[in-house]
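Trainee: Based on what follows, work out the 3D shape:
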Amino acid sequence: MNTRALPTAPMSVDEFLVWSQGLPEGERYELVDGRIERMQSERIIHAETKARVWLELRTALQSAGRSECQAFIDGVSVRIDETTLREPDALIHCGPYDPDSIVAENPVVIVEVASPQSPGVRKSLDYFSLESVQHYLIVLPAEGRVLHHHRSDSPDEITTRIVGRDATIDLSPPGITLAVEAFFAG
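Mentor: Predicted coordinates for the structure are as follows:
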């Protein structure tokens, strides 16, 4: 593990993006309120679940003929504001994008796979501060369930439901349906 010191002075997202270009392979960070936060290593169950979720998002978009939308797995970040950049486990971006960018400018669906070190409510507030975000899914692999947060017709009203393994999730927009069972092994 690299033990080099991280910058301690607050930075903007643009400064962070420049700084992060020189990182060794495998080191991952988010910028929260101008401060760099190291992302934790993942357990195998987390990586497997994340891959299944991404595949299900991608397949659902293709089945619905939503060619203007793309499913991305981690590595693509979401700019919350000038000092916060988050990296969800998966997301759906709709509209044009720069394939050389590491930032999705129009995320519509955000997915996090829960782990013991997940930071909780703060990420929800960050993601829903973006007008484009309509859905935020938190996948709970150990329980075989998903927390589905959805923006209602009122921009400040978010509804939440717990969805079991045998259910489906309607993500409108972008107009797709996901089988929750596909997120989990066996």
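Trainee: starting at the chain centroid, how far to the lowest-mean-pLDDT helix or strand in the chain?
Mentor: Using mean pLDDT, DSSP states H and E, helix 121-128 stands out as the lowest-scoring helix or strand of the chain, at a mean of 84. From the chain centre to the centre of helix 121-128 is a distance of 11 Å (CA atoms, centre = their mean, to the nearest Å).
Trainee: So what touches that helix?
Mentor: For helix 121-128, the surrounding residues in contact (CB atoms under 8 Å, 6 or more residues apart in numbering) are 32, 78, 80, 84, 86, 88, 107, 110, 112, 133, 136, 149, 151, 158. Yep, even glycine has a C-beta here, placed from its N, CA and C like the rest.
Trainee: three-state assignment of the residue nearest to the spatial centre of the chain?
Mentor: By CA atoms, centre = their mean, the chain has its centre lying nearest to Pro88, at 2.5 Å. Assigned state for Pro88: coil (three-state reduction, DSSP: H, G, I helix; E, B strand; the rest coil).
Trainee: buried ones in the longest helix along the chain?
Mentor: If you go by DSSP state H, the chain has its longest helix at helix 44-63. Residues of helix 44-63 classed as buried by neighbour count (16 or more other CB atoms under 10 Å): 46, 48-54, 56-58, 60-61.
Trainee: ok, now stretch 178-185?
Mentor: In stretch 178-185, counting by 16+ other CB under 10 Å, buried: 178, 180, 183-184.
Trainee: now stretch 75-84
Mentor: 76-80, 83-84.
Trainee: ok, now how distant is the closest residue to Arg165 other than its chain neighbours from Ser20?
Mentor: Setting aside the residues directly before and after it, Arg165 is nearest to Gly144 in space (CB to CB, 6 or more residues apart in numbering), at 4.2 Å. Distance of Gly144 to Ser20, computed by CB to CB, to the nearest Å: 34 Å.
Trainee: re the thing from before, what's the closest of the buried residues of stretch 75-84 to Pro24?
Mentor: Top of the list for closeness to Pro24, among these and by CB to CB, is Ser77 at 17.8 Å.
Trainee: I'm done for today, thanks for sticking with me.
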